[in-house]
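In: From the sequence below, what's the structure:
(chains A and B)
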Amino acid sequence: MTGKDVIAKIDDMINPIVVKEVRQYLNGRTVVALILGSLLLEFVIMVVFMINGGDEIRGCGRNFFSSILFLLSLACVFGIAFPVVGRIARERKDDSFQLIYNTALSPYRIVSGKLLSCMTIVALLVSLCLPFMSVSYYMRGIDMSVIMNSVFTLLLCLVPFIQLMILLGLLSSNSVLRSVVIIFTVMFFLFVLSPGVTPLFLFGHGGMGWTGSYIFWLLWMALISLLTTGGLYLLSVAIISPPASNRATPIRIYLVVLWVTTLLIAVGEALYHHKSINLEIWTTCMLFLFGGSGLVSIVEREVQSGRVLSRVPSGWFRRVVYFLFSTGFANGFMFSLLFLLLTGLLSLATTGDIHDLFRYNRPEKVGFGTAVYLMAYAGLAIGIKHFLLRFISRVNMMAVIGILICGVIGLPVAAAVIIYQDSCFFGDRLAPFMILNPIIFAFRKYYTEGMIFAMILLVFALILMWPTLRRQIKRHFPSRQASTTAAGAETENGTDTADA
Amino acid sequence: MRVEVKNLVRNFPKTVAVDDLSFSFESGNVFGFIGPNGAGKTTTIKIMAMADLPNSGDVLYDGISAVENPEQVRHAVGYMPDALPENSDIRVWEYLDFFARVYGLKGRKRVKVLEDIEEFTNLGGIREKYLKALSKGMKQRVCLARALVHNPQVLIMDEPANGLDPRARIELRELVKVLADQGKAILISSHILSELEDMCDGAVIIEKGKLLRAGTLTEINRSDTPEDKQTIVIRFLDDPEAFRRQVLQMPYVGEVRLSGSNELVVELSGGDDECVALMAGLYRDGGRIIGFRRQEIGLEELFMNITRGEVQ
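Out: Numbers count the residues shown, from 1 in each chain, chains lettered A, B, ... in the order given. Model (predicted):
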């Protein structure tokens, strides 16, 4: 095998999207202008530092490096990550994306190709900045390890950020939502994360044992980056997966992995430091997460495709697992409910608080209450949506309306409550109205009332959605008689078993 | 391969774009997909090309559902949309190379396939050009090349002749004929009915999302004229005026009119026997006949007869 053959083999192995996108980036003017512009600016900054530094030039490496890093993050965010949204949105608009989507390329490879192509350009930009970073080292005032770790941290931050931009680009036409999320994310990235990276290394680390070391920080950042990117990646894949496929499965698997991984970390941390604060944070985060995933179930498929139903396994246990991990509103709702219960029970059991569910005594109880509210409203929205589906063929906006019902009722006064929560007037007079909203938990003394109301609401929602929920569950667990009939029908007519 | 569109329904807010549409065609057939603007042609084509989803109904490729199992049929379908992206940062060869990679063509095979397709669609001279710099005709050829890169069994073309000059149209028609001879099932939507008439074996005519006629051109023709009525064109060597009255007196003849030079157009009630009797009668009376044919309704006339020009 000649060298040419090896290169051809490697060329074939590269994701086609990466090949195309990198070619496009290098053919276009934007990236070339970005590279030349940032190099020129960095050179100017270096000259300015050298001229102004005078005799103290051998100590200003730290400031010079911070400037270079800030410039680099600006270039990556505005020159690479930010335009991805428009680029993908444009592709979706002019049929290009549909053409790619219609090829043999899997949604996983499409999304990973987009991410990898962006990261290739980021790597190119970073590598071009390395000479300037070396200069900052020779200016003194900064260690090589700090430089390397800062660059790695920047890359670890950029990966989920770019993935988020890809997700936003893939989201269909809601440009207002897209713009708002982009603006907030960019602000967060530029003003909180990026300038904070270097000072964190410079002043916050070193000499504080294992947990204060760079490597611990990097591992921690890598884990957060991996989990965030994984979640966003799977959401992006789900958006472009065929609607008839089991598009929820990877996300549910991811949620379970996230649940287990973070639980192990929280428990390990609690055992190591003899403090339960991380466990409390974990409980609250998971309750919010699964409460939110309950809301997502509103927009899931009302009727599962034949493709999903034809793969229902035979054993009872396997059916339960398949049910929980399949796409569909009932599946999503039950999955969220199950993990909320597991999280809650685990937390109550570890704190010995299991008999005192309705009394506020721990901060994570707010998470409990909010999760119950979220599930109740999700159930209500599903019930209303399916009731309306009897009369109209499509209920697109109902899902959104359902989610917003609780928010809209409470929003006008919520701000006032947060500002004046200690005032007797707002606290006592408005609290009864707030019971429709999880904001009630801002008043700790009304926790019990709020929790009881949320529970009643959840039961009511379950009753409302029960007919459709039962129908969906039955499709996965047909009675023996129905199975036999369906099997007979399938033999005779070639129809789908579950549909029959 | 057999393509079956079954009871397709696609709703948009306040509009039913496709309403219970069913038709089918097979390998080696070129089918025209005809309808006024806004009839639901592009929507149907997008669903067939798996670029959109129906509210109900299905498209089956050799019995495999494009709605339930799109992954299994994607390799068999080539979709040629009516426009090419206006990218100024990708060249023609890069664009085709990308789609060849996407369809899993590797190494030398990919290079060979791309060379063949560039030759077939005559793209050799413009392969280094950026997509944005191409003329309409060139873009259509790139679109066709892209759709053919994975050698699909079914080719779905949305308005391929739109905006093309006469020469480019003739070239496209030739390409379509070659592809049909290769055994591909081809569906072409177009407004230029004379073009379709020359290359199509059959047609699907829709209006307001509903099917009006579908089948081979002969089938559609027959379905549109009563079984016992036909129009016969008789060409004489001499002036046919003398025979006009004579023909009118025949019992099964309806209307008779002169057409062009030395032609009589006869509306006939009856089948082949009456045709033979008409010809024999004219011979007997000394008519010097040099042409005798049944007049088929053209696609254009058929389209005008069937549709009402209603849009949604």
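
In: drop to CA atoms for contacts and neighbour counts, all remaining ones
Out: Fine.

In: Can you name the residue of the stretch 51-200 of chain B nearest to chain A?
Out: Taking Cα to the nearest Cα, chain A has its nearest neighbour within the stretch 51-200 of chain B at residue B:89, 5.0 Å off.

In: what kind of secondary structure is that residue in?
Out: coil (DSSP: H, G, I helix; E, B strand; the rest coil).

In: And residue B:38, by the same measure?
Out: Once three-state DSSP is applied, residue B:38 turns out coil.

In: residues near it, how many?
Out: Each residue near residue B:38 was counted by other Cα atoms under 10 Å in any protein chain shown, and the total is 16.

In: Got the confidence number for it?
Out: pLDDT recorded at residue B:38 is 82.

In: can you check the one 5 residues further on too?
Out: For residue B:43, the model assigns a pLDDT of 88.

In: Which elements pack onto the strand or helix carrying it?
Out: Per DSSP states H and E, residue B:43 falls inside helix B:41-48. Helices and strands touching helix B:41-48, by 3 or more Cα pairs under 8 Å, 6 or more residues apart in numbering or on different chains; DSSP states H and E, are strand B:15-26, strand B:154-158.

In: Go through those and pick out the most buried.
Out: Ranked by mean neighbour count, those are led by strand B:154-158 with a mean of 26 (mean count of other Cα atoms under 10 Å in any protein chain shown).

In: Pull the distance from the helix or strand just after it to the chain's centre.
Out: Sequence-wise, the next helix or strand downstream of strand B:154-158 (DSSP H and E) is helix B:166-181. Centroid separation for helix B:166-181 versus its chain: 12 Å, with Cα atoms, centre = their mean, to the nearest Å.

In: got it, and stretch B:29-37?
Out: Using Cα atoms, centre = their mean, the offset of stretch B:29-37 from its chain centre is 5 Å.

In: ok, which residues in chain A are in contact with chain B?
Out: A:8-9, A:12, A:16-17, A:19-20, A:23-25, A:27-28, A:94-96, A:98-105, A:242, A:244-245, A:305-307 (Cα under 8 Å from any Cα of the partner chain).

In: what sits against residue A:275?
Out: Counting by Cα atoms under 8 Å, 6 or more residues apart in numbering or on different chains, residue A:275 touches residue A:269.

In: and it, that's in a helix?
Out: No. Under three-state DSSP, residue A:275 falls outside any helix and is assigned coil.

In: pLDDT at it, what is it?
Out: 77.

In: Got the phi and psi for it?
Out: Here is the backbone geometry of residue A:275 (degrees, to the nearest 10): phi -130, psi 140.

In: Likewise for residue B:289?
Out: phi -90, psi 130.

In: now do residue B:78
Out: According to degrees, to the nearest 10, residue B:78 has phi -110, psi 130.

In: Which helix or which strand is home to residue 267?
Out: Just going to use chain A. Short version, using DSSP H and E: residue A:267 is in helix A:249-273.

In: That was the other one, I meant chain B.
Out: Residue B:267 is located in strand B:263-269, with elements delineated by DSSP H and E.

In: Give me the below-cutoff pLDDT ranges for the chain.
Out: Unless you meant another one, I'm taking chain A. A:53-59, A:94-98, A:172-212, A:352-357, A:361, A:391-434, A:478-500 (pLDDT under 70).

In: try again with chain B
Out: B:13, B:221-228, B:296-298, B:308-312.

In: hey, where'd the strands end up in it?
Out: Applying DSSP state E to chain B gives strands spanning B:2-12, B:15-26, B:30-34, B:56-61, B:64-65, B:77-80, B:154-158, B:185-189, B:202-207, B:210-216, B:229-236, B:253-259, B:263-269, B:289-294.

In: Counting by contacts, list what the helix or strand just after the helix holding residue A:267 packs against.
Out: Counting by DSSP H and E, the next helix or strand C-terminal to helix A:249-273 is helix A:277-296. Contacts defined by 3+ Cα pairs under 8 Å, 6+ apart place helix A:277-296 against helix A:249-273, helix A:329-351, helix A:365-388.

In: 10 Å instead, please
Out: helix A:249-273, helix A:329-351, helix A:365-388, helix A:396-419 (3 or more Cα pairs under 10 Å, 6 or more residues apart in numbering or on different chains; DSSP states H and E).

In: buried ones in the shortest one?
Out: Within helix A:329-351, the residues that qualify as buried by neighbour count (16 or more other Cα atoms under 10 Å in any protein chain shown) are A:329-337, A:339-340, A:343-344, A:347-348.

In: And the first one, by the same measure?
Out: Taking 16+ other Cα under 10 Å as the neighbour-count basis, helix A:249-273 is seen to contain the buried residues A:249-252, A:254-255, A:258-259, A:262-263, A:266-267, A:269-270.

In: domains in the chain, as residue ranges please.
Out: The chain I'm using is chain A. What automatic domain parsing lists as the domains of chain A is A:15-241, A:255-500.

In: switch to chain B, that's the one I care about
Out: Here the domain assignment for chain B is B:2-221, B:226-296, based on automatic domain parsing.

In: Dump the ones you listed into JSON lines; add distance to residue A:438 as well.
Out: Shown next, in JSON lines, are the domains of chain B (distance: least, Cα to Cα, whole Å):
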{"stretch": "domain B:2-221", "distance to residue A:438": "35"}
{"stretch": "domain B:226-296", "distance to residue A:438": "72"}
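
In: Comparing those domains, which comes out most buried?
Out: Stretch with highest mean neighbour count among these: domain B:2-221 (a mean of 20; mean count of other Cα under 10 Å).

In: Name the SS class of residue A:233, please.
Out: Residue A:233 is classified as helix under three-state DSSP.

In: Once you drop chain neighbours, what's closest to it?
Out: Using Cα to Cα, 6 or more residues apart in numbering or on different chains and skipping the chain neighbours, the partner closest in space to residue A:233 is residue A:163 (6.4 Å).

In: For the nearest residue to residue A:267 once chain neighbours are set aside, give its distance to chain B.
Out: Leaving aside its sequence neighbours, residue A:267 sits nearest to residue A:279 (Cα to Cα, 6+ apart; 6.5 Å). Distance of residue A:279 to chain B, given as Cα to the nearest Cα, to the nearest Å: 43 Å.

In: I'd say residue A:279 and residue A:273 touch.
Out: No. The criterion here is Cα atoms under 10 Å, and residue A:279 misses it with residue A:273 at 11.6 Å.

In: Identify the contacts common to the two.
Out: residue A:267 (Cα atoms under 10 Å, 6 or more residues apart in numbering or on different chains).
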